[in-house]
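Student: test case, fold it:
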Amino acid sequence: MFGIPGKQAVTLTPAAATQIAKLMDKDGTKGLRIGVKKGGCAGMEYTMDYVAEVEENDEVVEQDGAVVMIAPMAQMFLFGTEIDYEVSLLESGFKFRNPNVADACGCGESIKFKDVEELTAERGE
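Tutor: The predicted structure follows:
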């Protein structure tokens, strides 16, 4: 696990925790797995998937009835991220406030992360 022992990898706002708990109840899943994959105009995209089981190396975050699993390959890139759920007149959805992002595209769906060396140096690893 990357990061600081005893500190959650990500935090959820009350709105995000409520929405994730609703999704879990509706679908009967154990939670949502969050990851990253190559894609988009900035190079990487967030992924969110329903999961039936926690995998061995997942980082599990439980908050206010919501359960989020962070895929092993994404843990380093998501550490320190706040996940929110926002509703506006034109759209609603999860928003990631990630201190590890170096750049993002205009639509906010695609991100570029800081270099691995920079991330580990910032955390004193």
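Student: and D64, how many neighbours does it have?
Tutor: Around D64 sit 12 other residues, with neighbours defined as other CB atoms under 10 Å. (Glycine included, C-beta is placed from N, CA and C.)
Student: SS state for the closest residue to it other than its chain neighbours?
Tutor: Counting by CB to CB, 6 or more residues apart in numbering, A17 is the residue found nearest to D64 once chain neighbours are left out, at 4.0 Å. At A17, secondary structure determined by DSSP: H, G, I helix; E, B strand; the rest coil is helix.
Student: same deal with V67?
Tutor: Of the three states, V67 takes strand according to three-state DSSP.
Student: now tell me what touches whichever strand or helix holds T11 from outside.
Tutor: According to DSSP states H and E, T11 maps onto strand 10-12. Residues outside strand 10-12 that contact it (CB atoms under 8 Å, 6 or more residues apart in numbering): 20, 34, 61, 63-64, 66, 68, 70, 78-84.
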